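J.: Have a look at this prediction, sequence included:
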Amino acid sequence: MGFIASILTLRDSLSWALLGLSPLQQSALEVEGGANRFRPFGPELTPRNLPSDLPIYAVRGYRKRPLATVTSQGDVSLSYQPRETFDVVAAFYEGQLQVKRWDVTDSHEDTGAGYRARRFDVQKGARLGSIAVEETVADLGPIEHRTVSVSIDIAYWD
């Protein structure tokens, strides 16, 4: 950056600090603020063709794009990473499975160093499968990075 460009950048920065934003900058920020107010936490959306009685935690969006497969027979395979803690997501499934009238035939819990999981074996009519909520912890020195993932596998049996 040259000397003249440095002075112009400094002038623009000081004028913004002393005089406030220009009308054009203010309107741009207002438009951006309005757009971000109603935007989900991520660009990812819940896949559209999932059965409506399948509980999916999508309150705060997803960390990555959900991967879903739904066959013409009704088999469902879904994996996603919600932006929430393990306890909140596991409690959501404990409550919503009953609300959506899924029978929980068995429930498993597993914990280990840097890992914990809760799995629900579910059945509703001719549909049978499992829902697993897992949390992994990566030690990044002074902080821990926790990632929650959900895997849903439901098969339709004739």
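T.: Received the coordinates, thanks. Residues are numbered from 1 along each chain as shown.

J.: Next, the buried residues of stretch 97-111.
T.: Under the neighbour-count criterion of 16 or more other C-beta atoms under 10 Å, stretch 97-111 has 97, 102 buried. Any C-beta I mention is one placed from the backbone N, CA and C, and that applies to glycine too.

J.: Span of that stretch from start to end?
T.: Using C-alpha to C-alpha, to the nearest Å, the end-to-end distance of stretch 97-111 comes to 22 Å.

J.: Same check on stretch 131-148?
T.: End-to-end distance for stretch 131-148: 13 Å, by C-alpha to C-alpha.

J.: Need the residues that contact that stretch.
T.: Residues outside stretch 131-148 that contact it (C-beta atoms under 8 Å, 6 or more residues apart in numbering) are 63, 81-82, 84-86, 89-90, 93, 97, 114-120, 122, 149-153.

J.: what mean pLDDT would you report for that stretch?
T.: The average pLDDT within stretch 131-148 is 90.

J.: again with stretch 79-92
T.: Rounded mean pLDDT across stretch 79-92 is 95.

J.: Show me what that stretch is in contact with.
T.: Stretch 79-92 is contacted from outside by 41-42, 55-64, 66-68, 116, 118, 133, 135, 146-152, using C-beta under 8 Å, 6+ apart.

J.: how close does the nearest residue to residue 100 once chain neighbours are set aside sit to residue 157?
T.: Residue nearest to residue 100 in three dimensions, not counting chain neighbours: residue 53, with 4.8 Å by C-beta to C-beta, 6 or more residues apart in numbering. Between residue 53 and residue 157 the computed distance is 16 Å (C-beta to C-beta, to the nearest Å).

J.: Dihedrals phi and psi, the residue most central in space within the chain?
T.: Centroid check for the chain by C-alpha atoms, centre = their mean gives residue 62 as the closest residue, at 1.9 Å. When quoted as degrees, to the nearest 10, the phi and psi of residue 62 stand at phi -130, psi 150.

J.: Let's verify the residue nearest to residue 100: helix, strand, or coil?
T.: When classified by DSSP: H, G, I helix; E, B strand; the rest coil, residue 53 comes out as coil.

J.: Let me know whether it touches residue 97 as I believe.
T.: No. With contact taken as C-beta atoms under 8 Å, residue 53 and residue 97 are classed as non-touching, separated by 10.1 Å.

J.: among the helices and strands of this structure, which one scores worst on average pLDDT?
T.: Between all helices and strands in the chain, the lowest mean by mean pLDDT, DSSP states H and E belongs to helix 23-37, at a mean of 53.
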